[in-house]
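**Student:** Generate coordinates for the sequence data below:
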Amino acid sequence: MKSGTRLFEKLLKKLVQEEDRQGRFFSLTALAGETLCREKGLETPSFLKKLILETKGSESGLTAKERASFPSLLPQKYVFSTIREAFLENAEKKENGRFFTDRDLAEALLRNYQPGRSCPQVLDLCCGSGSLVMCLVEKLLAHFEKREIEEKVHAWDLDEMSLLALEMDLYFTHGLQLKEGNVKKINVLTQDLGGESFDLILLNPPYIGSRESVKLHPCLKGDSRFRAVYKRKSDISYCFYPLAASLLRPEGTLYLLTSRYFMEAEGAEGLREFISGTFQVDEMTDLYGQRVASWPGVDLVLLTLKKTGKRNPTAISRIKNPDTRGIREKQLLESLKERDARLFYFYESRLPAKGKWRTSPPEFSPYLRAQEKILEEGGALFQTADSFQGIITGCDEAFIRKDGVEDALARFPVRDWVKSREILHETVGVSQKKIIYISKNDILTSEEELALAPYKEKLVKRREVRNGRIPWWALQWEREIEKFNETKIIWPYKAERNAFFVDDEGRCFSADVYGMRVHDSPWNVWTLAALLNTPFYDCLFKLAGKKLGGRLYEYYPHSVMNLPVPEFYAFHEKVRKVLEKGGQKRSEALLAHAKGNRLCDKIYKLNAGEQKALTALYDCVLREIYL
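**Tutor:** Have a look, this model is predicted:
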């Protein structure tokens, strides 16, 4: 980055701290536009003239010294998107689900785009400040006249400031002024779209969860256009798939940057079926948990979808190791464009019309066949055990103690308190934290109320208290204490590897931990936990579990409880000698090693080829290169 750009960004940081951010944005944009027209000898476009008139007399926030040096601070390209992104508040990002597209990501998404003979009719559906459309325009300029591009490129968004930044960058970077009406401020979910159609659509949709989106757009749940995809717990981004399909011409293409969550989410089955029935998935680039700085907390997938009746194999690119520490983001995306097989798998596969979309490369096909055999041979874990979630206190400081419990609250059950990190770090019981278990059915004395009084202000603000479901002194979601009293298997909700721990001391645990009780079955928790902790089952879960950021997987009960387990007596006969030698607890350590894997091979009657494939996968787990 040039020193002028760094100084410009430093100046923006100062300006965004001041009041009237929107006014400052427009004033600074007008000043930058005037400065560039003067410095480059360009004619002032009509939209800039209008802006200059509207901001006349308003303050840009610059000192006299900063004004004098302002021309030398301006970057060579993308001046106005840089300004817009600097002025976007974090609260606004969260509320409107806005993630601006990094230019390297835009280039990665469009890396294989080749223009045809005629200039396509293009729409950037939620354009923001225009990274996607700017990248596409640069490709179009190599093949078509500016006049054609100005006629055929459209950009729609709800944010006036972002649209202005796009128009300014197109003019000052490429000398383009899109046709009047092509840049449109519009709420595409609720307003009439005018019956237009396009050959190519670019899309980075907003990301707003179900609860928040219902508040912002309450009419969406009943909208027939989105009924197939927008259901319980759906993200608002799901609505943009049928919307884009309605705007695309036959054989048109949608380039999409989105979260990979929908590929494996139980609640996104309708969306996957819609995509399979409407589009041919030409290309899929799965970053598989490798986080990108401009999209904090989101695991990305890049998709190229064609509106056609043909169904061909999908060209899939998938990162090999999602924990690429030491590799710069730009370098990673460059390696994608260069098809670097050291960092990515490149292969073709057919995505299923129903079910979850996995991106397991051909190297793991023997394992997939072995898994199918396992599912046929064994029963599911839910037939042997049931699961339950941990406690939500709603205010830890009121219910969790480290230095003893007040005498006034001594009559309530007090249990050791376990958090997920303690299971992962194998430090259960070390923290010595306790939970005071106060149920909604408990009636407090005045002395007990007084002991909780310092926390009352926070406790009464909890949603369950406000709606009358619980009294202010109770745990928010208490669960049944009897479940915690039993010997049980507990495991963390998010983990890099299988981490099933047997608790026989009646501990309680937080909501980021799940518990499992073995019901009327010959299985015991020690042997079952030992089995689940083998590398065999670690591999098995990574095939079924939902991928999160970095090396993490989501150990949601639906995935865990559907793992196959062998018939107990067949299993017990194989491990009887192991159990006789070491007893129940000792068997946990023995089963966790290679012997446990060999036993699994025998139990599931895997042939030599399948065993060889599994052995290679055990090695992958040990090297921490995950499926």
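
**Student:** so what's the closest residue in space to N112 that isn't next to it in sequence bridging to?
**Tutor:** With sequence-adjacent residues excluded and distances taken as CB to CB, 6 or more residues apart in numbering, N112 is closest to E283, at 6.6 Å. To be clear about C-beta, it is placed using only N, CA and C from the backbone, and glycine gets the same treatment. Note on E283: beta-bridge partners T304, A315, judged by DSSP bridges.

**Student:** Test my guess that E283 contacts L303.
**Tutor:** Yes - using CB atoms under 8 Å, E283 is in contact with L303, at 7.0 Å.

**Student:** Could you check which of the two has the larger neighbour count?
**Tutor:** Between E283 and L303, L303 has the larger neighbour count (other CB atoms under 10 Å), namely 23 against 17.

**Student:** Please name the residues that touch that one.
**Tutor:** Listed by CB atoms under 8 Å, 6 or more residues apart in numbering, the contact partners of L303 are L254, Y255, L256, L257, T258, V281, E283, M284, T285.

**Student:** For these, could you give me CSV that also reports secondary structure?
**Tutor:** Listed next are those as CSV, based on DSSP: H, G, I helix; E, B strand; the rest coil:
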residue, secondary structure
L254, strand
Y255, strand
L256, strand
L257, strand
T258, strand
V281, strand
E283, strand
M284, strand
T285, strand
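
**Student:** Closest one of the residues you listed to S69?
**Tutor:** Set against S69, the nearest of the contacts of L303 by CB to CB is L257 (36.5 Å).

**Student:** How about that closest one, nearest residue that isn't a chain neighbour?
**Tutor:** N204 (4.6 Å).

**Student:** List the contacts of the one you found.
**Tutor:** By CB under 8 Å, 6+ apart, the residues touching N204 are F99, T101, C126, G128, L132, L256, L257, T258.

**Student:** For it, give its distance to A315.
**Tutor:** Distance from N204 to A315, counting by CB to CB, to the nearest Å: 21 Å.

**Student:** So, low pLDDT: which residues of the stretch 101-250 of the chain?
**Tutor:** 209-222, 232-233 (pLDDT under 70).

**Student:** Helices along that one, start to end?
**Tutor:** Per DSSP state H, counting those that start in this stretch, the stretch 101-250 of the chain carries helices over the ranges 103-109, 131-140, 146-152, 160-174, 210-216, 240-247.

**Student:** ok, back up a step: and which of the contacts of N204 is nearest F80?
**Tutor:** G128 (11.9 Å).

**Student:** wait, the closest one sits on D102?
**Tutor:** No - in this structure, G128 is not within contact of D102 by CB under 8 Å, at 11.5 Å.

**Student:** So between the two, which is more surrounded?
**Tutor:** A side-by-side neighbour count of G128 and D102, using other CB under 10 Å, places G128 first with 26 against 18.

**Student:** For the more buried one, give me the backbone phi and psi.
**Tutor:** phi 60, psi -140 (degrees, to the nearest 10).

**Student:** quick one: the nearest residue to it once chain neighbours are set aside from Q22, how far?
**Tutor:** The shortest distance from G128 to any non-neighbouring residue, by CB to CB, 6+ apart, is to S162 (4.9 Å). Per CB to CB, S162 is found 12 Å from Q22.

**Student:** And for T35?
**Tutor:** T35 sits 21 Å away from Q22, going by CB to CB.

**Student:** Just say helix, strand or coil for the residue most central in space within the chain.
**Tutor:** With the centre of the chain defined as its mean C-alpha position, the nearest residue by CA atoms, centre = their mean is V298, 3.5 Å away. What three-state DSSP gives for V298 is coil.
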